[in-house]
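Trainee: Sequence and predicted model, in that order:
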Amino acid sequence: MHNTTEIGWEISKTANRFQSSCVLKFGDVIVDAKSILSVFVTLVDHQKYELYVVGPDAEEARQAMSDLFARYNLSYTIK
């Protein structure tokens, strides 16, 4: 089982590899996935996440983030 610190670090680290904007939404909360502090806030309550990726390398970023969310068994959709 993975802890939220590890998951948060991996999400932020992965998002920061790309130029594209990576935004996580859960409920009414929207955060920048590149901000580790923001990501930690979202991991307090595991819910279904929506991931929005826009930018010049969006396809690669979507794939990397999708792989990461699947690895940690996080419920998500990519918009």
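Mentor: Thanks, I have the structure now.
Trainee: For this structure, which segments count as strands?
Mentor: Counting by DSSP state E, the segments of the chain that form strands are 21-26, 29-32, 49-54, 76-78.
Trainee: so where do the helices sit in the chain?
Mentor: Counting by DSSP state H, residue ranges of the helices within the chain are 4-15, 36-42, 58-71.
Trainee: okay, these in JSON lines with distance to residue 27 next?
Mentor: Where you see a C-beta, it was placed from the backbone N, CA and C, and this is true even at glycine. Below are the helices of the chain laid out as JSON lines (distance: least, Cβ to Cβ, whole Å):
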{"stretch": "helix 4-15", "distance to residue 27": "17"}
{"stretch": "helix 36-42", "distance to residue 27": "9"}
{"stretch": "helix 58-71", "distance to residue 27": "17"}
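Trainee: Of those, which is nearest residue 77?
Mentor: helix 58-71 (9.7 Å; Cβ to Cβ).
Trainee: Please compute how far the closest one lies from its chain's middle.
Mentor: 9 Å (Cα atoms, centre = their mean, to the nearest Å).
Trainee: how about the strands of the chain in JSON lines, adding distance to residue 9, mean pLDDT and mean neighbour count?
Mentor: JSON lines is the format used below for these (distance: least, Cβ to Cβ, whole Å; pLDDT from 0 to 100; neighbours: other Cβ atoms under 10 Å):
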{"stretch": "strand 21-26", "distance to residue 9": "14", "mean pLDDT": "94", "mean neighbour count": "20"}
{"stretch": "strand 29-32", "distance to residue 9": "15", "mean pLDDT": "92", "mean neighbour count": "14"}
{"stretch": "strand 49-54", "distance to residue 9": "16", "mean pLDDT": "95", "mean neighbour count": "18"}
{"stretch": "strand 76-78", "distance to residue 9": "17", "mean pLDDT": "92", "mean neighbour count": "15"}
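Trainee: These into CSV, with extra columns for distance to residue 66?
Mentor: Converted to CSV, the strands of the chain look like this (distance: least, Cβ to Cβ, whole Å):
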stretch, distance to residue 66
strand 21-26, 11
strand 29-32, 18
strand 49-54, 8
strand 76-78, 6
